[in-house]
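Student: Fold the following, please.
(one chain, ligands or ions: 1)
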Amino acid sequence: MQPKSDSKIIVALDFNDLQDAKALVEQLDPELCKLKVGKEMFTLFGPEWVKYLVEKGFKVFLDLKFHDIPTTVAKAVAAAAELGVWMVNVHASGGDKMMQAAREALQPYGENRPLLIGVTVLTSMDEAQFSKLGFQRDIDSQVYALAKLAHSAGLDGVVCSAQEATKLSGIDDKFLLVTPGIRPIGADVGDQSRVMTPKRALEAGASYLVIGRPITQAANPLKTLCDISESIAID
Ligand SMILES: O=c1ccn([C@@H]2O[C@H](COP(=O)(O)O)[C@@H](O)[C@H]2O)c(=O)[nH]1
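Tutor: So this is what the prediction gives:
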């Protein structure tokens, strides 16, 4: 069985009510999961919410997907590092100069720096939506190209769907594959397009599974999280 302290599950805390989020967090344990703060909660509750989770001992993925000019993104990831987050991300489509600037901005934090992850193509995108963006490639090839760019810019990994994980595993075995769009069998897919079950995602090469609504909207979130942990446990 995998040690709980290295849980592969990142619970996406997408709540508009702070008390609801706190009620869930109170049931959780840093050994059971990591936590993700995204645009909704950060916009509503700001850095204090992130610091609250960090102080509780959780590894926090600050999922703000920075995408701007290199200087602005560099300063933003340094600000994230000051909050003590474990992982932060930028859009890989911001380009190699932007990603390199972000990586350099984290240099002063040494071993305590957050992991820096590049977003490839959002897991909500399917080929029909993607084709309207005007790229010449299909999603699979675009994800691969952006992952290669992120790797050569010195990033620690990418956000991709688990459907691309097998192909991306060949880039570098230390390169992290952070995969949203995870759906246990029978769970509502919602607005996600490129989905996979937790077990199959890990088998495909995912490093971390980002799971939101299947846990946060479950009748019993803690039980659902424990069931998913059990389903991916290696004997
Ligand atoms: O490509 C991406 C990048 C980020 N996300 C985020 O992950 C969670 C997924 O939540 P679910 O409720 O499990 O769908 C959410 O916070 C997204 O902002 C993503 O889904 N896809």
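
Student: Name the SS class of the closest residue to residue 62 other than its chain neighbours, please.
Tutor: Computed as C-beta to C-beta, 6 or more residues apart in numbering, the closest residue to residue 62 that is not its neighbour in sequence is residue 85, at 4.4 Å. C-beta here means a position set from N, CA and C on the backbone, and glycine is covered the same way. Of the three states, residue 85 takes coil under DSSP: H, G, I helix; E, B strand; the rest coil.

Student: This protein against the ligand: which residues are in contact?
Tutor: Listed as neighbours of the ligand in the chain under the rule C-beta under 6 Å from any ligand atom: 12, 14, 38, 63, 119, 122-123, 159, 180-181, 190, 192, 210-214.

Student: Run through the strands of the protein in chain order.
Tutor: Secondary structure of the chain by DSSP state E: the strands cover 9-13, 34-37, 60-66, 87-91, 115-119, 157-159, 176-179, 208-211.

Student: May I see the ones you listed organised as CSV, with mean neighbour count and mean pLDDT added?
Tutor: CSV is the format used below for these (neighbours: other C-beta atoms under 10 Å; pLDDT from 0 to 100):
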stretch, mean neighbour count, mean pLDDT
strand 9-13, 24, 98
strand 34-37, 25, 99
strand 60-66, 23, 99
strand 87-91, 25, 99
strand 115-119, 24, 99
strand 157-159, 28, 99
strand 176-179, 25, 99
strand 208-211, 24, 99
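
Student: Would you mind reformatting those (as TSV) and adding columns for distance to residue 46 while you're at it?
Tutor: Below are those laid out as TSV (distance: least, C-beta to C-beta, whole Å):
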stretch	distance to residue 46
strand 9-13	14
strand 34-37	10
strand 60-66	12
strand 87-91	16
strand 115-119	22
strand 157-159	23
strand 176-179	23
strand 208-211	22
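
Student: ok, the residue nearest to residue 62 - contacts?
Tutor: Neighbouring residues of residue 85 by C-beta atoms under 8 Å, 6 or more residues apart in numbering: 50, 54, 60-62, 114.

Student: can you do 10 Å?
Tutor: 35-37, 47, 50-51, 53-54, 58-64, 77, 79, 114-115 (C-beta atoms under 10 Å, 6 or more residues apart in numbering).

Student: now it: how far from the ligand?
Tutor: Distance, residue 85 to the ligand, by C-beta to the nearest ligand atom, to the nearest Å: 15 Å.

Student: That residue and residue 196, how far apart?
Tutor: Using C-beta to C-beta, to the nearest Å, we find residue 85 at a distance of 26 Å from residue 196.

Student: same check, this time on residue 124
Tutor: Taking C-beta to C-beta, one finds residue 124 at 14 Å from residue 196.

Student: Now whichever residue of the chain sits closest to the ligand. Nearest residue, chain neighbours left out?
Tutor: In the chain, the residue that lies nearest the ligand is residue 212 (2.6 Å; C-beta to the nearest ligand atom). Of all residues not flanking residue 212 in the chain, residue 12 sits nearest, at 3.2 Å (C-beta to C-beta, 6+ apart).

Student: so the residue of the chain closest to the ligand makes contact with residue 33?
Tutor: No. When contacts are counted by C-beta atoms under 10 Å, residue 212 is not listed as touching residue 33 (11.8 Å).
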